[in-house]
Structures are given as structure tokens and as C-alpha cells.
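Student: generate coordinates for the sequence data below:
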Amino acid sequence: MLKIVVLISGTGSNLRALLDASADAAYPARVVAVGADREAPGLQHAEAYGIPSFTVPYGSYDSRAAWGDALLEQIRVWEPDLVVLSGLMRLVPPKVVDALAPNLINTHPAYLPEFPGAHGVRDAIRAGVDQTGASIIVVDNGVDQGPIIVQERVPVLPGDTEHELHERIKPVERRLLVQTVLDIANGLDLTALSTRLPASIKE
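Tutor: Residues are numbered from 1 along each chain as shown. The predicted structure follows:
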């Protein structure tokens with residue numbers, strides 16, 4: 001059984017999708033803990049499922065590195081096989097990435113390498129493109145630049161607002177995440193994936 005720690009900052013819709021999937025006894029992965037960098041509303045999903053949670057408030061530390069040390073200490077308590085960044089709105093310090101890689105994955109609401117960063121949906125709208133997407137990547141020390149595990153296109157419709165487009169991307173992102181975790185539990189080799197070209201230079 002694959003043991004997962006999920007890290008969030010917000011409502012935790014991807015977390016909820018994983019919790020729903022793992023409620024099925026046939027799904028070979030379980031969320032063992034949920035962490036956040038603030039008092040995130042998504043922690044309520046963990047509570048509803050009886051999953052332990054922890055908070056490592058970013059503002060309580062003098063530096064990102066110190067926050068990362070405390071975060072890594074909390075993660076290690078649970079001895080996870082996989083850590084999922086699911087809407088965690090902080091760059092994870094290199095020490096944390098190096099300690100967890102390649103078993104550290106992230107979801108992103110764009111078709112990487114297009115529109116990396118915190119405002120992928122807004123940037124797609126502003127660019128006037130007719131399609132964007134959702135991606136799941138292996139985390140490295142770049143900003144949404146790690147090797148791509150899977151991605152899928154999502155159309156941008158005429159007149160779309162950022163909210164409307166994001167609401168269409170979210171179900172795709174959730175589906176890809178649940179399938180990716182299933183694939184990892186069934187033997188997908190993230191070490192091999194990490195030898196792929198990073199998203200930033202993928203053709």
C-alpha cells in the first residue's frame with residue numbers, strides 16, 4: 001500500500017479527490033497525513049476522513065530554509081512513499097526537494113511548460129490562447145520545471161473568465177492526479193521519469 005502525505009494551502013479539492021479514491025479498498029494508496037503552510041480550509045477534508053493533519057505556518061520562521069526544515073521534519077514522521085504538493089502555494093526549499101525526490105510530485109493548472117508559476121490560469125487568459133491544460137510533474141528545484149508525468153489539454157472558450165476556466169481545469173487535474181498515484185502504486189518508476197527532459201525545455 002502506497003503511503004502518501006499531501007501538502008496544501010487552500011481548499012484541497014485535489015486532496016479530496018485522493019481521499020475519495022482511497023476510500024475504495026481496491027485503490028492501492030492511502031493518505032496517511034495532510035500538511036499545510038497555514039490554517040487552510042482543505043484541512044477539513046482530512047478531519048472528515050479521520051486523517052491526521054499538521055500545520056507548519058510559513059510566517060513562524062525566519063527564512064524559507066528554516067520553514068523547510070520544520071516541514072521536512074513533520075513529513076518524515078509519517079514515513080511516506082510519496083509526497084503530493086496539491087495547491088501548496090510555497091516554493092519548497094532545495095533541501096526538502098533533495099530529501100524527497102523523486103517521490104515528490106506536483107499538480108499544475110496549465111499545459112507545461114506553458115504558463116508556469118502561481119497564476120497559470122490567469123496567464124493563459126491574458127495570453128489569449130485557445131487551449132491550456134493540466135499537468136502532473138516530478139518536483140525539482142525549478143518553478144514548475146520538473147519532468148512531466150502526464151498532462152492533458154483543456155480548451156479556453158471565448159469569453160472565459162479566470163474562474164470559469166479554472167473550474168473546467170480542476171476536474172481534469174483531479175482525474176490525472178488520482179490516476180498518477182494509482183500508476184505509481186502499481187510500479188510507475190519516478191526515478192526513470194526524472195531522467196526525462198524537464199518541462200522547461202520539453203518540445
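
Student: Gln151: what's it in contact with?
Tutor: Tyr111, Leu112, Gly133, Ala134, Ser135, Ile136, Leu176 (CB atoms under 8 Å, 6 or more residues apart in numbering). Bear in mind the C-beta positions are built from the backbone N, C-alpha and C, glycine included.

Student: so which of the residues you listed are in strands?
Tutor: Taking DSSP state E as the definition of strands, these contribute Gly133, Ala134, Ser135, Ile136.

Student: just give me the neighbour total for Leu7.
Tutor: Other residues near Leu7 come to 27 when the count uses other CB atoms under 10 Å.

Student: verify the contact between it and Leu85 for me.
Tutor: Yes: if you go by CB atoms under 8 Å, Leu7 and Leu85 touch, sitting 5.3 Å apart.

Student: quick check: buried residues in the helix ranked longest in the chain?
Tutor: Secondary structure of the chain read by DSSP state H shows that its longest helix is helix 162-185. For helix 162-185, a neighbour-count test (16 or more other CB atoms under 10 Å) marks 165-166, 168-170, 172-174, 176-178, 180-181, 184-185 as buried.

Student: then stretch 37-45?
Tutor: Asp37, Arg38, Ala40, Gly42, Leu43, His45.

Student: of those residues, which belong to helices?
Tutor: Those of these lying in helices (DSSP H): Leu43, His45.

Student: which one of the buried residues of stretch 37-45 is nearest Phe54?
Tutor: Leu43 (9.2 Å; CB to CB).

Student: give the burial count for Arg122, as a bare number.
Tutor: 16.

Student: once you drop chain neighbours, what's closest to it?
Tutor: Spatially, and ignoring its direct neighbours in sequence, Arg122 is nearest to Glu162 (5.0 Å; CB to CB, 6 or more residues apart in numbering).
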